[in-house]
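> Pasting the sequence and the predicted coordinates here, then a few questions.
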Amino acid sequence: MFVEAKDGTNLHVKDAGTGKPVVLIHGWPLTGDMFEYQTLALLEAGYRVITYDRRGFGQSGHPAGSYDYDTFADDLAAVLDKLNLTQANLVGFSMGGGEIARYLTRYGASRVAKAVLVGSVVPYVLKDGSNPDGVDESVFEEIRANIRKDRFDFLQTFGKQFYGVGLISQPVSQALLDWTFTLALMASPKATIDCVDAFSRTDFRGDLASFTVPTLIIHGTSDKTIPIDATGRAAARGIAGAQLIEYDGEPHGLFATAPDRLNRDLMAFIG
């Protein structure tokens, strides 16, 4: 189905199953389909599973602008409202964690039961004087330059880092890397570039107080894309009562490198 956002952009939504609703919010530069392992496990366990493609990605509309977290939060609100979801469990991977943080600030938690941040950018990724554990701006400048130069080569190279593929380690198959590349190709080049600014520069530290629901944080200790010290561990310190589970040695794309463990932890937390 498609849900119309506040500005008229169409958001592509998949809604399947019954039971407790779980909304899976994807990371950059993929689509809602990245959660294949989680969707199948949750459906088989009796949950209702909702995924949607962020504006500019997948089968959602590809507008020229408005790739900022206030807009992304409004889009999430449109999905929750259209489906009339209550007691929803929100699971945000990577930049998808930012949607949850900004949604809770802008709309409150009346529709939300629990929140899960997986390899999330919350609370702040960019390195500066107030965030010495963050990622240097030069890294993001290089990402934007490489996307402009050859988006296709960049996406294939980035996919290997995403899953921790090295000379010795091969945690995912070549077929899965190819699938990831295909999902990323579906995005608008403009959205792909603009969202680098959105997830790297948006400071969510002021949003942490809005997490008034039980919150689980899962992060890989070997995440080279979104380092755990600036994000997962910092979020756990800043969100009252948050539970942090560290996946020792896991990379950013742990939804595919450690799917069984992630699925167990998600369902144990959701209940």
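Structure received.
> what mean pLDDT would you report for stretch 65-73?
Mean pLDDT, computed over stretch 65-73, is 97.
> Identify the residues contacting it?
Stretch 65-73 has contacts (CB atoms under 8 Å, 6 or more residues apart in numbering) with 5, 7, 9, 54-56, 98-99, 101-103, 105-107, 190-191, 194-195, 197-198, 202, 204. Any C-beta I mention is one placed from the backbone N, CA and C, and that applies to glycine too.
> which secondary structure element contains the spatially closest residue to Asp15 that is not a sequence neighbour?
Spatial nearest neighbour of Asp15, excluding adjacent residues (CB to CB, 6 or more residues apart in numbering): Ile50 at 5.0 Å. Counting by DSSP states H and E, the element that carries Ile50 is strand 48-52.
> Repeat that for Leu104.
Using DSSP H and E, Leu104 falls in helix 96-107.
> Which positions in that helix come out as buried?
Judged by neighbour count using 16 or more other CB atoms under 10 Å, the buried positions of helix 96-107 are 96-105, 107.
> Does anything pack onto the helix or strand containing His12? Which helices or strands?
Assessed by DSSP H and E, His12 sits inside strand 10-16. In terms of contacts (3 or more CB pairs under 8 Å, 6 or more residues apart in numbering; DSSP states H and E), strand 10-16 is packed against strand 2-4, strand 48-52, helix 69-82.
> And the average pLDDT for that strand is what?
On average, strand 10-16 scores 98.
> Dump the helix or strand just after that strand to PDB, keeping only the CA atoms.
Next along the chain after strand 10-16, taking DSSP H and E as the criterion, comes strand 21-25. Output in PDB follows, covering the C-alpha atoms of strand 21-25 (Å, rounded to 0.1, in the frame of the first residue of the first chain):
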ATOM      1  CA  PRO A  21       2.600  -4.400  15.900                       C
ATOM      2  CA  VAL A  22       6.300  -4.100  15.200                       C
ATOM      3  CA  VAL A  23       7.400  -1.200  12.900                       C
ATOM      4  CA  LEU A  24      10.800  -1.700  11.300                       C
ATOM      5  CA  ILE A  25      12.500   1.500  10.200                       C
END
